[in-house]
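Engineer: sequence and predicted structure are below.
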Amino acid sequence: MRSHDVLVVGGGLAGLMAALQLDGKDVAVATKVYPTQSHSGAAQGGFNAARAQTDSVASHILDTIKGSDYLADQDAVEVMCSEAPDVIDELDRLGALWSRTESGTIAQRPLGGSSHPRACHSADLSGHVVLHALHEQTRRMQIPFYVEWQLLDLLIEKGAVAGAILWNLPEGRLEVIRARAVILATGGYGRVYAKSTNGLGSVGDGVALAYRAGAIVSDLEFVQFHPTTLRGTNILISEGARGEGGYLRNAAGDRFMSRYASSSMELAPRDVVSRAIATEIREGRGIGDGYVHLDLTHLGEALVEERLPQVRELARIYAGVDAVREPIPIEPAQHYSMGGIRTDTFGATTIPGLFAVGECANVSVHGANRLGGNSLLETVVFGRRAGRRVAEWLSGRGPAPALPADGAVSERSRRAFEDDWSARFDAAAPMAESAATLTHLRQRLTALMTRKVGVFRLGPELEEAVEELRGLDAEYRSLRTARPQGPFDYRLMAFWELGLLVDVATLVARGALRRTESRGAHDRPDFPQRDDERWLRHTFAVRNDRGPWFEDGEVRLGRIAPQARTY
Amino acid sequence: MIAVQRFDPKTDERPVWATYSVNVAPSQTVLDALLVVAETIDPTLAFRRTCRSGICGACAGTINGQPRLFCQAMVGGMRSSGARPASVPSGVEAEIFVQPLSQFRVLKDLVVDMGPFFDAFERAQAWLVPSARYDGLMSKDVFRRLWGATSCVLCGICVGRAAAPDLSHPAAVARVLRLACDPRDELGETRLALLDQPERYDAEWAEALKTACPKAVDVSGLLPGE
């Protein structure tokens, strides 16, 4: 049985940043795709940090809390914004190639909901550039990787984490890695939606498995819909496009944002802009079968080439549009998972030894709506903090994690898992038929979420969604699939993923039904007001015998009192 | 119709071709077509995929004899440029022929062993060694020179198309050239010693790499002795 002091699961920005803090320690990274294929690489806009003379950490904190519709925990926001300027310098020293100003300092651009140009960026390839830089550093440190290993379950012994069970995709077999600490950095759950900018791997695996292991997960009903995704494919077009001066126009050519956010216009936060677009479309002012235009034609070719090269390329390849000369057809789609595994500001979850960082975590710095430029920042700040905390443990400073019991307990857990796992296989299951059934179930689930748990959420539709998910869960549980087929059995992974998606979708829909108010990205037309009296609370969910149990969680307020939120 | 070269190490001695009839629009990608096959016809078809938008580099392969990212190849365009690869046996009829990336060992179907490609980066020590002398400033000119080499997605398509005998993989050479010009790197130009014949990497080579690369990686501003 393999063992490491620390197992990081996930090779995106948060996981790599955590692993880098453990240089010289016995740390390994398990990742279901090659690290540079992680979805962090698709992030475009940038990393917020108050670095300019005219800007301040206090202003970054204020913008973030207002952006969160006051649901963020203010101590966590303060940590993130305070550490931001320094973490940008650290990434610079480690090789991230930031765009520059004329004087050679790191350039910053405006993104939605920020009162200053605050996003440090690498043109519009910010996630890609930093991901590759951090990956190079993990290679320099010779950190071992288990590549194309999918997390299947967490080992829990005496209430503490003791390692993980994974599927080794290249070899086609179960593996156990014992560890004193496990850091989950598995990304978001966007793929519970049919229309999403997310990569195919963003299935909420870490969130679902931490929940199944008994950790508190929180605020899952808060799901961000990005205003500008290519119509049809929902490929992301960076908020940087509006940050650099792009306009949104409806069928009449009007810059309709004037009616929704008269001072911020296109640079209002994403929840506001996505609702505005959805409203334009719903009220008949959309174009064609329901989209609007992102217009960059007034920016000029030189600016687009220098600052938005990827946006231009994506529009050309996937929409057949040269953004310098024609407007881009766009529609809102799921983009980011605000909710996740509940953690403190060091990434510690409610299970001893288990940490969570990045999009799979809910620390909570984004509350009910995340600002552009804050998610990449969250990955590196909290990845670094969790990695350092675990490094301190291992160096004998601070409270040490409980050492897992002898391997026999893990061995029993493994066998118990294997029994459950094997019970889902049936040598007689017809391959093509079960694939079609599985695909059909998955499409029903994701379409349901987009239709009934999307930008607007009505009580009766949420009730239907919860009911339908209950049925889907039962159908999924009754499904049997063919035995594992050796190396690179993606069929098996698809089968496994659907179970995760059902769990996460249920938590999202039930949280949304329960929250009878409108706050940030959670919009209930039947409860149009924010209700601080009842709902300035996190949604905590834990697993019990009959499914999730929901409770209110305290929001850690601070100096900033909730106010009306206008832009 | 789409024809896919398949190989299962458990049962096949050599690759076999399979054809599938899939209903996808001309504006959809070959990746979309493969996903339809896996989701509705044969779930055992193995191919790597993640981002769908040309930034993760996972879905490289060969379409109608040319190496491409599946997610950047439109079905319509591929149909009309339907050059049938010579290696396709007679009797296999389709508009689009999909094979694994050549130059790599096939592990299953379209999944190849990228190990040797990634190893080339280790041999090249292709990681920045932070320099204590760096003061946090970088001119726009330096940024622009380095920028051309940053779009590499580690897909492996350049292998065999822009010859690089030193480290055997042009993407690794490109990274060495970039690091050698990076003012933040402790090793700087001494990295060129890793290349047997740095002078080989001239403007012509840079052009060949840029043409071969699906992300148009451009090292023309980073060439030694230019």
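Structural biologist: Cool, got the structure.
Engineer: and residue B:60, how many residues sit next to it?
Structural biologist: A total of 27 residues lie near residue B:60 under the criterion other CB atoms under 10 Å in any protein chain shown. Just so you know, the C-beta spots here come from the backbone N, C-alpha and C atoms, and that holds for glycine as well.
Engineer: what secondary structure does the residue lying closest to it once chain neighbours are set aside sit in?
Structural biologist: Using CB to CB, 6 or more residues apart in numbering or on different chains and skipping residues adjacent in sequence, the residue nearest residue B:60 is residue B:155, 4.0 Å away. Using DSSP: H, G, I helix; E, B strand; the rest coil, the structure places residue B:155 in coil.
Engineer: and if you look at residue A:167?
Structural biologist: Once three-state DSSP is applied, residue A:167 turns out strand.
Engineer: got a list of what the residue nearest to residue B:60 touches?
Structural biologist: Contacts for residue B:155 (CB atoms under 8 Å, 6 or more residues apart in numbering or on different chains) come out as B:57-58, B:60, B:69, B:214-215.
Engineer: same check on residue A:235?
Structural biologist: Residue A:235 neighbours (CB under 8 Å, 6+ apart): A:197, A:229, A:314, A:318, B:52-53.
Engineer: switch those over to JSON lines; also include secondary structure and pLDDT.
Structural biologist: Output for those, formatted as JSON lines (DSSP: H, G, I helix; E, B strand; the rest coil; pLDDT from 0 to 100):
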{"residue": "A:197", "secondary structure": "coil", "pLDDT": "97"}
{"residue": "A:229", "secondary structure": "strand", "pLDDT": "97"}
{"residue": "A:314", "secondary structure": "helix", "pLDDT": "95"}
{"residue": "A:318", "secondary structure": "helix", "pLDDT": "95"}
{"residue": "B:52", "secondary structure": "coil", "pLDDT": "96"}
{"residue": "B:53", "secondary structure": "coil", "pLDDT": "95"}
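Engineer: so where is the chain shaky, pLDDT-wise?
Structural biologist: As the question left the chain open, I've gone with chain A. A:397-409 (pLDDT under 70).
Engineer: the intended chain is chain B.
Structural biologist: B:82, B:164-168, B:225-226.
Engineer: please redo it, this time with the cut-off set to 80
Structural biologist: Low-confidence segments of chain B (pLDDT under 80): B:80-83, B:160-168, B:196, B:225-226.
Engineer: select the longest helix from chain A.
Structural biologist: Ranked by number of residues, the top helix in chain A under DSSP state H is helix A:490-514.
Engineer: buried residues, the helix or strand just after it. List them.
Structural biologist: Beyond helix A:490-514 in the direction of the C-terminus, DSSP states H and E gives the next helix or strand as helix A:532-535. By neighbour count with 16 or more other CB atoms under 10 Å in any protein chain shown, helix A:532-535 contains the buried residues A:532, A:535.
Engineer: what's downstream of helix A:532-535, the next helix or strand?
Structural biologist: Following helix A:532-535 toward the C-terminus (DSSP H and E): strand A:537-544.
Engineer: okay, now the sheet partners of that following strand, with direction.
Structural biologist: strand A:217-218 (antiparallel), strand A:547-554 (antiparallel) (DSSP bridges).
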